[in-house]
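Visitor: Sequence first, predicted coordinates after that:
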Amino acid sequence: MKEIEVIRNVLQTDLEQAALNRARFAERHIACVNIMGSPGCGKTTLIEAILTQAGTEKRVGVIEGDYEGTTDTERLLRRDIPVVQVNAHSCHLNAAFVKVALDRLPLDRIDLLFIENIGNLICTASYDLGEALRLVILSVPEGDDKPDKYPKMFSVADLVVVSKADVLPHFDFSLEQLRTKIARLNPRARVLPVSAKLGQGMAELWAELAALKAGGGA
Ligand SMILES: Nc1nc2c(ncn2[C@@H]2O[C@H](COP(=O)(O)OP(=O)(O)O)[C@@H](O)[C@H]2O)c(=O)[nH]1
Ligand SMILES: [Mg+2]
């Protein structure tokens, strides 16, 4: 009888592609950061603020993931950096999308690569893209209860940026409660309040990103 191949883990091929992406990053000395968070939490604004902070210290590139449209890529191209837009028509990016984008980027001119993932707190948490750092953004207006509702996202995070920290006085948002919830789910995740608008926390964030090793993660 003919042997039947059974695909047991649909994520398996994706994990293999993520490993290939990671090896490519290591070989090219690129540190890759996967930025995840809700629509409107401030992902693109944070990348813009990081570009200002980076100056000429690191050469930055971006893979811009969106369900539809090119607005964010247009914003970033104004900063004269390499950007590739991926319209996923899906709730998340996967490693194969990233591979296709990498084929279109000038990798020899990038030290630090940001992947702005599709905006949501659910699906994106399940996909390894080959990144060295998983940066999850939670904005103050979203509320400090989100780790209770989307535990997987906060469990996979290496770093949680609490964005829009400038509006903290106007919301019932407890940083202390948030830190407790995240520590319960994921003791290794660091929590950093940042205001991309006012620059608060940006130097600390930049110190962490600038020290990130190429390849790594998983
Ligand atoms: N007050 C304040 N607003 C911010 C900050 N960062 C982003 N925003 C606003 O949040 C909205 C969504 O930002 P954007 O970066 O496009 O979010 P994205 O969809 O996650 O990429 C915009 O109106 C930004 O001006 C911040 O640090 N403080
Ligand atoms: Mg955006």
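Guide: Nice, thanks for sending it over. Ligands and ions are numbered 1, 2, ... in the order given.
Visitor: which residue is nearest the centroid of the protein?
Guide: Closest to where the C-alpha atoms of the chain average out (Cα atoms, centre = their mean) is Ile35, at 1.3 Å.
Visitor: Show the contacting residues for that one.
Guide: Shown in contact with Ile35 (Cβ atoms under 8 Å, 6 or more residues apart in numbering): 43, 46-47, 114-117, 135, 137. In short, each C-beta sits where N, CA and C put it, glycine included.
Visitor: Same question for Val162.
Guide: Contacts of Val162 by Cβ under 8 Å, 6+ apart are 138-140, 175, 178, 191-194.
Visitor: how about a cut-off of 10 Å?
Guide: By Cβ atoms under 10 Å, 6 or more residues apart in numbering, the contact list for Val162 reads 41, 136-140, 142, 144, 168, 173, 175, 178-179, 182, 191-195, 201.
Visitor: cool, Ala23 as well?
Guide: Counted by Cβ under 10 Å, 6+ apart, Ala23 has contacts 130, 215.
Visitor: now swap in Asp66 and tell me
Guide: Going by Cβ under 10 Å, 6+ apart, Asp66 touches 39, 44, 72-73, 85-89, 93, 116-119.
Visitor: filter those by proximity to ligand 1?
Guide: Checking those against ligand 1 by Cβ under 6 Å from any ligand atom, the ones in range are 39, 44, 119.
Visitor: Do any residues in the host helix or strand of the second one lie close to ligand 2?
Guide: In this structure, Thr44 is located in helix 43-54 according to DSSP states H and E. Yes: if you take Cβ under 5 Å from the ion as the test, helix 43-54 does meet ligand 2, through 43-44.
Visitor: mind saving the C-alpha coords of that helix as CSV?
Guide: The C-alpha trace of helix 43-54 is given here as CSV (Å, rounded to 0.1, in the frame of the first residue of the first chain):
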residue,chain,number,x,y,z
LYS,A,43,3.4,50.4,17.1
THR,A,44,4.3,52.6,14.2
THR,A,45,4.7,55.7,16.4
LEU,A,46,7.1,53.7,18.6
ILE,A,47,9.2,52.7,15.6
GLU,A,48,9.3,56.4,14.6
ALA,A,49,10.5,57.4,18.1
ILE,A,50,13.1,54.6,18.0
LEU,A,51,14.4,55.9,14.7
THR,A,52,14.9,59.3,16.3
GLN,A,53,16.7,57.8,19.3
ALA,A,54,18.8,55.5,17.1
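Visitor: In the protein, what residue comes closest to ligand 2?
Guide: Using Cβ to the ion, the closest approach of the chain to ligand 2 is made by Thr44 at 3.4 Å.
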